[in-house]
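In: sequence plus the predicted model coming up.
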Amino acid sequence: MGGRVLLQKGKLMMFRKISLIMAFTYGLIIIVTIALLNVILVYTYQENQIAKNEDKYVQYAKIIANIAKDELEDTMTLNGIIRENSRGIEGRVLVLTGEGKVLADNYTYYIGKYVSNTEIIKVLAKEQKAIGYYIEDNRHIMTAVVPIVQNRGSRSLVLISTYVDWLFEDIRELRNQAAIISILAAILAIVLSYVFGKRISGPVEKLTKASEDILNGKLDTKVDIQRADEIGKLAETFNKMSEELYKIDTNRRRFISDVSHELKTPLTSIKALIESLIDGNNEISVYKEYLGDINGEMDRLSLLVKSLLTVTRLEELELKREPVSICAEVESITKLFTPLLKQKDINLEVICAEEVTIFADRGMFREVLINIIDNAIKYGKYNGNIIVNCGKAEKAYLKVSDNGIGIDEKDLPYVFDVFYRADKSRRRDTGGSGIGLYIVRKIIELHGWSISVKSEAKAGTEFLIEFSD
């Protein structure tokens with residue numbers, strides 16, 4: 001019972017294959033089409049051949065009738081004329097009276113006898129030609145009868161009968177040849193449909209298997225399908241999708257790992273400080289110092305959570321574009337950093353050669369300015385300089401440069417990655433969680449702008465934003 005169910009399931013699966021479906025469908029279409037064409041071809045050929053043969057013998061009969069009409073009274077002369085003029089006719093030629101009496105026979109056998117058939121009766125009734133077919137001793141016979149037109153009004157007839165086996169044999173042979181050609185064409189069509197179906201179903205099966213692998217967690221799965229058609233394009237898109245899914249999954253894992261690390265460090269510090277306070281018998285000044293450290297770690301946690309919320313929010317927010325003056329926003333933001341600039345004794349200079357207006361989400365643009373300027377201050381050197389330059393060349397631009405600690409060349413490609421910091425020790429004295437520049441890049445991408453960075457270790461860094469129209 002189980003084997004029968006598996007066999008039936010196998011048959012169902014087999015008929016779900018594209019190659020077999022195509023072979024069956026196209027084969028059926030071609031078979032039906034060829035069958036119809038064959039029927040039309042054979043029928044047309046048969047009708048044409050029969051009509052040509054009938055016309056041929058009717059013309060013979062009319063010629064005989066025209067010759068015989070003046071010799072009906074003289075049967076001897078009539079028979080001589082009939083024999084003489086029927087030598088090229090393959091068949092029996094009879095001249096009959098209206099009563100069916102044979103006056104002349106090119107083979108002399110029926111002279112004086114009476115003959116009657118359906119065609120003779122039709123001609124006598126309507127005085128028009130009549131043609132009939134008979135089978136005698138398994139042979140096909142055609143009879144053509146025409147009236148003899150006489151001035152005296154008496155009715156006589158010419159009857160020609162001939163074997164037409166060759167005609168029906170010719171038609172049968174054509175029918176057989178057409179059937180053989182149709183069968184061969186149908187087989188070829190089915191085979192070609194199956195081959196082309198396999199050409200389509202093969203890549204589809206590969207894509208299906210690869211999709212199942214991705215569903216099972218193998219996100220780096222790719223298919224090797226090199227084609228220039230829609231399936232090739234689908235395979236190329238699939239590979240790109242697989243690559244992106246793998247990147248997303250890798251980034252997700254790294255993101256979770258980095259978030260865990262970023263959260264673990266301050267939490268560990270806070271826990272250690274609190275345990276020290278619980279276990280120790282310290283003076284009030286020590287308590288204040290430890291509580292101050294705890295407060296600082298809490299601030300870092302709060303800033304990290306805020307940054308993470310900003311990252312999440314960026315994936316969902318829609319831009320609210322409006323005219324924004326670059327110079328006005330730069331002037332407004334730089335004022336916020338006055339305490340930090342004084343603390344590190346850094347000189348910040350704003351150079352706006354001309355008033356430049358862009359269409360941007362004001363809140364997001366301010367976020368970009370805050371992160372880039374904050375980054376320049378954090379990694380700037382004491383008694384250093386920061387220059388914020390905005391203007392318009394081929395495109396509107398904003399440039400923020402400093403003469404701080406700079407970035408190593410090997411780290412430059414990764415500065416915009418989430419949680420990436422060139423400082424691998426993750427020291428907190430330089431600040432930052434590695435999210436700020438990631439937020440900058442996401443906002444830039446959302447607006448359709450571009451951002452680039454130039455830097456040299458111990459020589460400073462320059463960020464350049466170019467705004468599209």
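Out: Done, it's in.

In: how many residues are close by residue 334?
Out: When neighbours are counted by other C-beta atoms under 10 Å, residue 334 registers 17. Any C-beta I mention is one placed from the backbone N, CA and C, and that applies to glycine too.

In: er, residue 122 actually
Out: 16.

In: same thing with residue 86?
Out: For residue 86, the neighbour count with other C-beta under 10 Å is 21.

In: contact partners for it?
Out: Residue 86 makes contact with 60, 64, 93, 106, according to C-beta atoms under 8 Å, 6 or more residues apart in numbering.

In: my guess is the first one meets residue 160, correct?
Out: Put plainly, it is residue 60. Yes: counting by C-beta atoms under 8 Å, residue 60 does reach residue 160; the two are 5.9 Å apart.

In: now the common contact residues for those two.
Out: Counting by C-beta under 8 Å, 6+ apart, the residues touching both residue 60 and residue 160 are 89, 93, 144.

In: which element, helix or strand, includes the first one?
Out: Residue 89 is part of no helix or strand when elements are defined by DSSP states H and E.

In: dihedrals phi and psi, it?
Out: Torsion angles at residue 89 (phi, psi; degrees, to the nearest 10) stand at phi -100, psi 130.

In: tell me the confidence at it?
Out: Listed pLDDT for residue 89 reads 83.

In: ok, for it, nearest residue in space, not its chain neighbours?
Out: Excluding the flanking residues, the one nearest residue 89 by C-beta to C-beta, 6 or more residues apart in numbering is residue 60, at 5.4 Å.

In: sorry, back to before: mark which of the shared contacts of residue 60 and residue 160 are buried, thanks.
Out: Neighbour-count burial (16 or more other C-beta atoms under 10 Å) is assigned, among those, to 89, 93, 144.

In: ok, the longest strand seen in the chain: who's next to it in the sheet?
Out: Scanning the chain for the longest strand, with DSSP state E as the assignment, gives strand 139-148. Paired strands of strand 139-148, with direction, are strand 130-136 (antiparallel), strand 156-163 (antiparallel) (DSSP bridges).

In: in TSV, list these along with distance to residue 339 and mean neighbour count.
Out: Shown next, in TSV, are the strands paired with strand 139-148 (distance: least, C-beta to C-beta, whole Å; neighbours: other C-beta atoms under 10 Å):
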stretch	distance to residue 339	mean neighbour count
strand 130-136	118	14
strand 156-163	123	22
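
In: what is the helix or strand residue 386 falls within packed up against?
Out: Using DSSP H and E, residue 386 sits in strand 385-392. With contacts taken as 3 or more C-beta pairs under 8 Å, 6 or more residues apart in numbering; DSSP states H and E, strand 385-392 sits against helix 326-336, strand 347-352, helix 362-378, strand 396-402.

In: and the contacts of the shortest one?
Out: So that's strand 347-352. 326-327, 330-331, 334, 337, 341, 373, 384-391.

In: gap between that strand and the chain center?
Out: Centroid displacement of strand 347-352 relative to its chain, using C-alpha atoms, centre = their mean, to the nearest Å, is 55 Å.

In: pull the CA atoms of stretch 175-183 into CSV?
Out: The C-alpha atoms that make up stretch 175-183 are tabulated as CSV, following Å, rounded to 0.1, in the frame of the first residue of the first chain:
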residue,chain,number,x,y,z
ARG,A,175,-2.9,9.8,-46.5
ASN,A,176,-0.4,7.2,-45.2
GLN,A,177,2.6,9.4,-46.1
ALA,A,178,0.9,12.4,-44.3
ALA,A,179,0.3,10.2,-41.3
ILE,A,180,3.9,9.0,-41.1
ILE,A,181,5.2,12.6,-41.5
SER,A,182,2.8,13.7,-38.8
ILE,A,183,3.9,11.0,-36.4
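
In: tell me the mean pLDDT for that stretch?
Out: In this model, stretch 175-183 has an average pLDDT of 85.

In: quick one: buried residues of that stretch?
Out: Result for stretch 175-183 [16+ other C-beta under 10 Å]: buried residues 175, 178, 182.

In: now the buried ones among the shared contacts of residue 60 and residue 160 as JSON lines including distance to residue 268?
Out: Formatted as JSON lines, these follow (distance: C-beta to C-beta, whole Å):
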{"residue": "89", "distance to residue 268": "122"}
{"residue": "93", "distance to residue 268": "125"}
{"residue": "144", "distance to residue 268": "117"}
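
In: among these, which one sits closest to residue 211?
Out: residue 144 (74.4 Å; C-beta to C-beta).

In: does the closest one touch residue 58 like I think?
Out: Yes: with contacts counted by C-beta under 8 Å, residue 144 reaches residue 58, the gap being 5.3 Å.

In: anything in contact with each of the two?
Out: 129, 131.

In: can you report how many residues neighbour the residue lying closest to residue 391 once chain neighbours are set aside?
Out: Excluding the flanking residues, the one nearest residue 391 by C-beta to C-beta, 6+ apart is residue 353, at 4.3 Å. Other residues near residue 353 come to 11 when the count uses other C-beta under 10 Å.

In: roughly how far does residue 353 sit from residue 398?
Out: In this view, residue 353 and residue 398 are 12 Å apart by C-beta to C-beta, to the nearest Å.

In: joint contacts of those two?
Out: Residues within reach of residue 353 and of residue 398 at once, by C-beta under 8 Å, 6+ apart, are residue 390.

In: can you give me the pLDDT of the residue with the largest distance to the centre of the chain?
Out: No residue in the chain sits farther from the centre than residue 74, which is 87.8 Å out by C-alpha atoms, centre = their mean. Looking at residue 74, its pLDDT reads 82.

In: helices of the stretch 151-300 of the chain, start to end?
Out: 165-215, 230-279, 284-314 (DSSP state H, counting those that start in this stretch).

In: closest to residue 85 out of the ones you listed?
Out: It is, among those and with distance given as C-beta to C-beta, helix 165-215, at 23.0 Å.

In: what angle do the closest one and strand 139-148 make?
Out: Put simply, helix 165-215 runs at 120 degrees to strand 139-148, going by axes from the mean of the first three to the mean of the last three C-alpha atoms, to 10 degrees.

In: roughly how far does residue 50 sit from residue 133?
Out: Going from residue 50 to residue 133 by C-beta to C-beta gives 9 Å.

In: again, but for residue 162
Out: Distance from residue 162 to residue 133, by C-beta to C-beta: 11 Å.

In: shared neighbours, the two?
Out: In contact with both residue 162 and residue 133: 141, 142, using C-beta under 8 Å, 6+ apart.

In: wait, residue 274 sits on residue 291?
Out: No: Residue 274 is not in contact with residue 291 according to C-beta under 8 Å; the separation is 9.5 Å.

In: outline the domain layout of this protein.
Out: Under the assignment automatic domain parsing, the domains of the chain span 13-214, 215-262, 318-467.

In: kindly reformat the ones you listed as TSV containing distance to residue 285.
Out: Output for the domains of the chain, formatted as TSV (distance: least, C-beta to C-beta, whole Å):
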stretch	distance to residue 285
domain 13-214	60
domain 215-262	31
domain 318-467	23
